[in-house]
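**Student:** Model the following, please.
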Amino acid sequence: MSIEAHHCSIEGCQGYVVFENADFDFNDIPTDFKTGLHAFSNPKCTECGKEYLVVPHYAVIDIKTDEIIKSACITEYERRERERKYDAETDASLRIMNYIIRCGYTYTVSEVIASYSRYKETGCYLSHTMKDCVRNLKDELEEMLAAIS
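**Tutor:** Here you go, the predicted structure:
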């Protein structure tokens, strides 16, 4: 269940226009019989009783097919942008840094390089997240170690 509340537009009215939006079906939008407009609901202000219409909005349509495209969460977009930035980077150090950021780890680039170097020499213990870095950044880490040597 998702409930929305909006301030009434009548000046001085302290009421709210409240409605539940969880069951809105964008494939079957009803028409308001009074206005002839497509509207999901016609709630009233909780104080003054003014009527409103809840109309469909924020649709993105494919120009060629008139098909409504699927919406996405902003975090999905941000995650994909971090992946694209990582994939486009050619500098090994920046690729390591971008991977750390993309995964939400708190390591520095030098910590990952040092841990990889120790692990390579002694086979020492690595945390789960550090193992993830080593497993996915092996080429970059090798390049960084070669540059240091």
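**Student:** partner strands of the helix or strand bottoming out on mean pLDDT in the chain, parallel or antiparallel?
**Tutor:** Here the helix or strand of the chain ranked lowest by mean pLDDT, DSSP states H and E is strand 3-7, holding a mean of 81. Here strand 3-7 is paired, per DSSP bridges, with strand 16-20 (antiparallel).
**Student:** The partner strand: what's the following helix or strand?
**Tutor:** Using DSSP states H and E, the next helix or strand after strand 16-20 towards the C-terminus is helix 74-88.
**Student:** From the contact counts, what lies against that following helix?
**Tutor:** helix 92-103 (3 or more CB pairs under 8 Å, 6 or more residues apart in numbering; DSSP states H and E). Glycine gets a C-beta too; all of them are placed from N, C-alpha and C.
**Student:** Export only the CA atoms of whichever helix or strand comes after the helix it packs on, formatted as PDB.
**Tutor:** Proceeding C-terminally, helix 92-103 gives way to helix 109-122 as the next helix or strand, assigned by DSSP H and E. In PDB, the C-alpha atoms belonging to helix 109-122 read as follows (Å, rounded to 0.1, in the frame of the first residue of the first chain):
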ATOM      1  CA  VAL A 109      44.100   1.900  -4.100                       C
ATOM      2  CA  SER A 110      47.400   1.500  -2.200                       C
ATOM      3  CA  GLU A 111      45.800  -0.800   0.400                       C
ATOM      4  CA  VAL A 112      44.500  -3.100  -2.400                       C
ATOM      5  CA  ILE A 113      47.900  -3.100  -4.100                       C
ATOM      6  CA  ALA A 114      49.700  -3.900  -0.800                       C
ATOM      7  CA  SER A 115      47.300  -6.600   0.100                       C
ATOM      8  CA  TYR A 116      47.600  -8.200  -3.300                       C
ATOM      9  CA  SER A 117      51.400  -8.100  -3.100                       C
ATOM     10  CA  ARG A 118      51.500  -9.700   0.400                       C
ATOM     11  CA  TYR A 119      48.900 -12.300  -0.800                       C
ATOM     12  CA  LYS A 120      51.000 -13.100  -3.900                       C
ATOM     13  CA  GLU A 121      54.200 -13.500  -1.800                       C
ATOM     14  CA  THR A 122      52.900 -15.400   1.200                       C
END
